[in-house]
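need coordinates for the below:
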Amino acid sequence: MGNEVELLEHWRELTPEKQQKVLEFVEVLKSESETTPPESDFVPQIPLAKKLWSIRQRAIAAGLQLLNEDEIGLELAARRGGFRES
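Reported below is the predicted structural model:
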């Protein structure tokens, strides 16, 4: 029996309140996978890269939310008084 079929069978046995809890739990799991960076095979080679990589890993371990490229652009624009390169 596939996981989906088994999950659906168990789902049908739950009360509506417990089904809601399952949905909320799934959302938590989804958000964890979206915010947790994948394991990387990257190995820095030069001293500066090693230092920067170490800082990045500590920031992630401390729960700091890293910015994506668009978010960095928005932050730069805000710091520059609204100027944003196209």
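
could you tell me the phi and psi values at residue 75?
phi -70, psi -40 (degrees, to the nearest 10).

quick check: closest non-adjacent residue to it.
If the residues on either side of it in the chain are set aside, residue 75 comes closest to residue 67, at 6.6 Å by CB to CB, 6 or more residues apart in numbering. Bear in mind the C-beta positions are built from the backbone N, C-alpha and C, glycine included.

okay, now the one you found: neighbour count?
Using other CB atoms under 10 Å, residue 67 has 11 neighbouring residues.

tell me which helix or strand it sits in.
Residue 67 is part of no helix or strand when elements are defined by DSSP states H and E.

how much space separates it from residue 27?
23 Å (CB to CB, to the nearest Å).

test my guess that the residue nearest to residue 75 contacts residue 73.
No: counting by CB atoms under 8 Å, residue 67 does not reach residue 73; the two are 9.1 Å apart.

pull the helix or strand with minimum mean pLDDT from this structure.
helix 16-35 (a mean of 79; mean pLDDT, DSSP states H and E).

can I get that helix as PDB, trimmed to CA atoms?
Output in PDB follows, covering the C-alpha atoms of helix 16-35 (Å, rounded to 0.1, in the frame of the first residue of the first chain):
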ATOM      1  CA  PRO A  16     -12.500  17.200  11.900                       C
ATOM      2  CA  GLU A  17     -10.600  18.800  14.800                       C
ATOM      3  CA  LYS A  18      -7.700  16.400  14.400                       C
ATOM      4  CA  GLN A  19      -7.800  16.700  10.600                       C
ATOM      5  CA  GLN A  20      -7.300  20.500  11.200                       C
ATOM      6  CA  LYS A  21      -4.300  19.700  13.500                       C
ATOM      7  CA  VAL A  22      -2.800  17.500  10.800                       C
ATOM      8  CA  LEU A  23      -3.200  20.300   8.200                       C
ATOM      9  CA  GLU A  24      -1.500  22.800  10.600                       C
ATOM     10  CA  PHE A  25       1.300  20.300  11.200                       C
ATOM     11  CA  VAL A  26       1.800  19.800   7.500                       C
ATOM     12  CA  GLU A  27       2.100  23.600   7.000                       C
ATOM     13  CA  VAL A  28       4.800  23.700   9.700                       C
ATOM     14  CA  LEU A  29       6.700  21.000   8.000                       C
ATOM     15  CA  LYS A  30       6.400  22.700   4.700                       C
ATOM     16  CA  SER A  31       7.600  26.000   6.100                       C
ATOM     17  CA  GLU A  32      10.600  24.300   7.700                       C
ATOM     18  CA  SER A  33      11.700  22.800   4.400                       C
ATOM     19  CA  GLU A  34      11.300  26.200   2.700                       C
ATOM     20  CA  THR A  35      13.400  28.000   5.300                       C
END
